[in-house]
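K.L.:
make a model of this:
(chains A and B)
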Amino acid sequence: DAGITQSPRHKVTETGTPVTLRCHQTENHRYMYWYRQDPGHGLRLIHYSYGVKDTDKGEVSDGYSVSRSKTEDFLLTLESATSSQTSVYFCAIRPPQQSYGYTFGSGTRLTVV
Amino acid sequence: KNQVEQSPQSLIILEGKNCTLQCNYTVSPFSNLRWYKQDTGRGPVSLTIMTFSENTKSNGRYTATLDADTKQSSLHITASQLSDSASYICVVIVTSGTYKYIFGTGTRLKVLA
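P.N.:
Predicted structure coming up:
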């Protein structure tokens, strides 16, 4: 999707290993979000950022941490991956004007074996 | 509890036919409602946005309706095409101090030739 890229697109990792997913934007938007998408659930918010070094927890933040040292990059880290964290992870961005809504990345499919 | 429920969960139609997807919500305070289209392996893309005072909004062959009194929305697709095969997600936006998206679980539409 224009202006937002996620990497990697696919990853398989072993239980107990650390994993970092990257979201990169070129829109200079203030707000960035990490969601996970699982069958039978709507997209669920993990963490979000409202500026450089400003982050907050979402509804399913346990087992995840985030960092934002630059406007354009928002990193999601699984300190010790578990099978329950197998999911598709989406990053989203939006400008301060609420009417513009989210722009989503293409997602990262993470499998924890 | 803020919830967004969509029906049906899945739907199969023939190319050229019309269909209507439903969204019921128990969310307050309501700010606006969006419909997103999510192609397989991609992030959601916004189709329409409706505020509290709007009843109908069109985007090409997609027409969304909103009844704020009954807390129901629908997405009508006219003259379906194979490219309409996707998941359609209803999202209600809450603005109660913080700006929050409440996602439905989506309706998976398959259009057959």
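
K.L.:
the most centrally placed residue in chain A pairs with what?
P.N.:
Central residue of chain A (Cα atoms, centre = their mean): residue A:34, 2.9 Å from the mean position. On the basis of DSSP bridges, residue A:34 is bridged to residue A:47, residue A:91.

K.L.:
give the full set of residues in contact with residue B:88.
P.N.:
The contact partners of residue B:88, by Cβ atoms under 8 Å, 6 or more residues apart in numbering or on different chains, come to B:6, B:21, B:35, B:36, B:37, B:38, B:47, B:75, B:106, B:107, B:109. From N, CA and C alone the C-beta is placed, and that goes for glycine too.

K.L.:
the residue lying farthest from the centre of chain A: what secondary structure?
P.N.:
Of all residues in chain A, residue A:99 has its C-alpha farthest from the mean position, at 21.7 Å, by Cα atoms, centre = their mean. Assigned by DSSP: H, G, I helix; E, B strand; the rest coil, the conformation of residue A:99 is helix.

K.L.:
find the nearest non-adjacent residue to residue A:110, please.
P.N.:
With sequence-adjacent residues excluded and distances taken as Cβ to Cβ, 6 or more residues apart in numbering or on different chains, residue A:110 is closest to residue A:11, at 5.2 Å.

K.L.:
which SSE is the one you found in?
P.N.:
In the assignment (DSSP states H and E), residue A:11 maps to strand A:10-13.
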